[in-house]
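Undergrad: Provided below for reference: sequence and predicted model.
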Amino acid sequence: MCACFLCIDNAEIGIVEKWGRFSHVAQPGFTFLNPCFGEWLAGRLSLRVQYLDVRCETKTKDNVFVTLVCSIQYRVVRQNADDAFYELQNPKEQIQSYVFDVVRASVPKMILDDVFEQKDEIARSVSDELEKVMSNYGYNIEQTLIVDIEPDATVRRAMNEINAAQRMRMAAVEKAEAEKILQVKRAEAEAEAKYLSGVGIARQRQAITNGLRDSVLAFSHNVPGTSAKDVMDMVLITQYFDTMKELGNNSRNTTVFIPHGPGHISDVADQIRNGLLQGQSASNVIGNNSSSP
């Protein structure tokens, strides 16, 4: 008698045939085959999760050609190992064909933006279709992922330019809003400054008025015989000379325009004469007041 001893690796199973017909599945570990009875090892199947990338080019609803990369993770079902071994000659090509069919049936119904947003729905459709078909052949679909979506290069550039233009428009709007706020705040500050300046001027004039009133009352009380008009004329003359003094002290003022003409000379003389007479009158009044008991 002739015997054959085999060793099946872990995560693998062996397909044993007897006289050319499937006999049983050899489990991992030590296996005995009897070639005299027509037993032999027809092949091995891996029970590990296998990985397959499928690139599928299709067209979207808005006439944009796009390439989708689907990642399929699948494995052999141990209980249906004979179907997986005998039913399909090339399982990878079979899976690829169904992926093409599902993707090219679903993506043309979507626009490009929806393809990016609903890639999970596309992956679920592919997974459901593969699970329904491949389970009949002893394969289980573990996971289906859309790992990449690649539009045409010109479309990618156009999308980037659209995005950049939108962001530039948003930036311009935000900049305009900021300038608007600055202008509003500047106007509010100017209005507040003018209001406070007006309040200051009003208080200044009120203080000047109060000071003039007190000066007139004090002068009228100390110098008998003078009227309020005389005091106001003296105050005005004092302010006039103060103004002339300020103009002379300011180095930036080089020219002062004053009324001048033949008629103004007599006016100046009259003003000087009236000033001297008023001064003498004031001296006499003061002398009489001092001599009287």
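TA: Sure thing, it's come through.
Undergrad: Could you report the neighbour count for Ala193?
TA: Residue crowding around Ala193 was assessed by other CB atoms under 10 Å; the count is 10. In short, each C-beta sits where N, CA and C put it, glycine included.
Undergrad: for Leu45, helix, strand, or coil?
TA: With DSSP: H, G, I helix; E, B strand; the rest coil as the basis, the three-state label of Leu45 is strand.
Undergrad: which residues does it contact?
TA: Residues touching Leu45, when contacts are defined by CB atoms under 8 Å, 6 or more residues apart in numbering, comprise 12-15, 76, 81, 84-85.
Undergrad: Show the buried residues in the residues you listed.
TA: Buried positions within these, assessed by neighbour count (16 or more other CB atoms under 10 Å), are 13-15, 76, 81, 84-85.
Undergrad: Reformat those into JSON lines and put pLDDT, secondary structure and distance to Gly198 next to each item.
TA: As requested, these are arranged in JSON lines below (pLDDT from 0 to 100; DSSP: H, G, I helix; E, B strand; the rest coil; distance: CB to CB, whole Å):
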{"residue": "Ile13", "pLDDT": "87", "secondary structure": "strand", "distance to Gly198": "100"}
{"residue": "Gly14", "pLDDT": "86", "secondary structure": "strand", "distance to Gly198": "104"}
{"residue": "Ile15", "pLDDT": "85", "secondary structure": "strand", "distance to Gly198": "104"}
{"residue": "Val76", "pLDDT": "90", "secondary structure": "strand", "distance to Gly198": "94"}
{"residue": "Ala81", "pLDDT": "86", "secondary structure": "helix", "distance to Gly198": "99"}
{"residue": "Ala84", "pLDDT": "86", "secondary structure": "helix", "distance to Gly198": "96"}
{"residue": "Phe85", "pLDDT": "87", "secondary structure": "helix", "distance to Gly198": "101"}
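Undergrad: Make JSON lines from those and add distance to Gln206 to it.
TA: Below are the buried ones among the contacts of Leu45 laid out as JSON lines (distance: CB to CB, whole Å):
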{"residue": "Ile13", "distance to Gln206": "109"}
{"residue": "Gly14", "distance to Gln206": "114"}
{"residue": "Ile15", "distance to Gln206": "114"}
{"residue": "Val76", "distance to Gln206": "104"}
{"residue": "Ala81", "distance to Gln206": "109"}
{"residue": "Ala84", "distance to Gln206": "106"}
{"residue": "Phe85", "distance to Gln206": "111"}
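Undergrad: of those, closest to Ala105?
TA: Ala84 (26.3 Å; CB to CB).
Undergrad: Just the helices from the protein, written as ranges.
TA: With helices called from DSSP state H, the chain shows them at 81-86, 91-106, 112-117, 119-134, 153-222, 228-249, 262-291.
Undergrad: how about low-confidence regions in this structure?
TA: Low-confidence segments of the chain, defined by pLDDT under 70: 1-3, 212, 216, 219-220, 223-240, 247-248, 250-293.
Undergrad: Leu33 reaches Cys7, doesn't it?
TA: No: counting by CB atoms under 8 Å, no contact exists between Leu33 and Cys7, whose distance comes to 11.5 Å.
Undergrad: and those two? which has more neighbours close in?
TA: Neighbours per residue, other CB under 10 Å: of Leu33 and Cys7, the larger number sits with Leu33, 21 against 10.
Undergrad: Please give me every residue in contact with that one.
TA: Under the criterion of CB under 8 Å, 6+ apart, the contact list for Leu33 reads 3-6, 16, 39-41.
Undergrad: List only buried entries from those residues.
TA: Applying a neighbour-count criterion of 16+ other CB under 10 Å, the buried members of these are 16, 39-40.
Undergrad: From these, which land in strands?
TA: Cross-referencing the buried ones among the contacts of Leu33 against strands under DSSP state E gives 16, 39-40.
Undergrad: Out of these, which comes closest to Pro28?
TA: Each of those was scored against Pro28 by CB to CB, and Val16 proved nearest at 13.4 Å.
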